[in-house]
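[1] Could you work out the structure for the sequence below:
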Amino acid sequence: MDLVPRQGYRMTDFETFRKTLVPLKRDPTITVQKRGTMSLNKAAQVLLGAPAAVELLYDASARTIGLRPVSARADHGYCLRSSTGTDAGPFVISAMAFLHFYDIYPEATLRWVAYLAGDVLCINLEDDATAVTSNRAFKSPTPSEAAVADGAEFDELKARRAGR
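    The predicted model follows:
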């Protein structure tokens, strides 16, 4: 097959891509799980100054939860830990005692866009929140498993992989 040059097209129209992978710009978010865990995405952790620990604050009249950086040695501090073991986050804290003390019992896992008020990262529980569902409940069969399964076998395999 012979390649035919396209009329009117100059090679000088190209530019070289020299950028590395750029992280996605995301809003800072805090997620409160039914079980009492709170998690911050990377944007929220960076906005807070990437602290090792935070103190938990609550304004009952405004129904606002706040997180403020503190020393990891503070007796009332909660250490932020990466749930993935990497620097990318999300970063989690166990806040069950805090949530129970203030009678905060989410009926579902909810995510709020966080905002900074001074040095406190805040979420207002009255603001709109997004319900979060786990992506771990169903694991797709591997390509080799899917290749040998068909119809009812495939459904049975999906159920077994999902732990049912």
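[2] Just give me the neighbour total for Val32.
    23 (other Cβ atoms under 10 Å). Just so you know, the C-beta spots here come from the backbone N, C-alpha and C atoms, and that holds for glycine as well.
[3] repeat for Glu107
    7.
[4] Quick one: residues contacting the nearest residue to it once chain neighbours are set aside.
    Sequence neighbours aside, Lys34 is the residue nearest to Glu107 in space, at 7.3 Å (criterion: Cβ to Cβ, 6 or more residues apart in numbering). By Cβ atoms under 8 Å, 6 or more residues apart in numbering, the contact list for Lys34 reads Pro106, Glu107, Ala108, Thr109.
[5] quick one: which of these is nearest Arg81?
    Each of these was scored against Arg81 by Cβ to Cβ, and Thr109 proved nearest at 18.2 Å.
[6] Can you report how many residues lie near the closest one?
    Neighbour tally, Thr109, other Cβ under 10 Å: 18.
[7] Over to Val132?
    Val132, neighbours per other Cβ under 10 Å, totals 15.
[8] excluding its backbone neighbours, what's nearest it?
    Nearest to Val132 is Thr109, by Cβ to Cβ, 6+ apart, at 4.5 Å.
[9] In terms of pLDDT, where does the one you found sit?
    If you check Thr109, the pLDDT there is 95.
[10] same question, Arg26
    Predicted confidence (pLDDT) for Arg26: 84.
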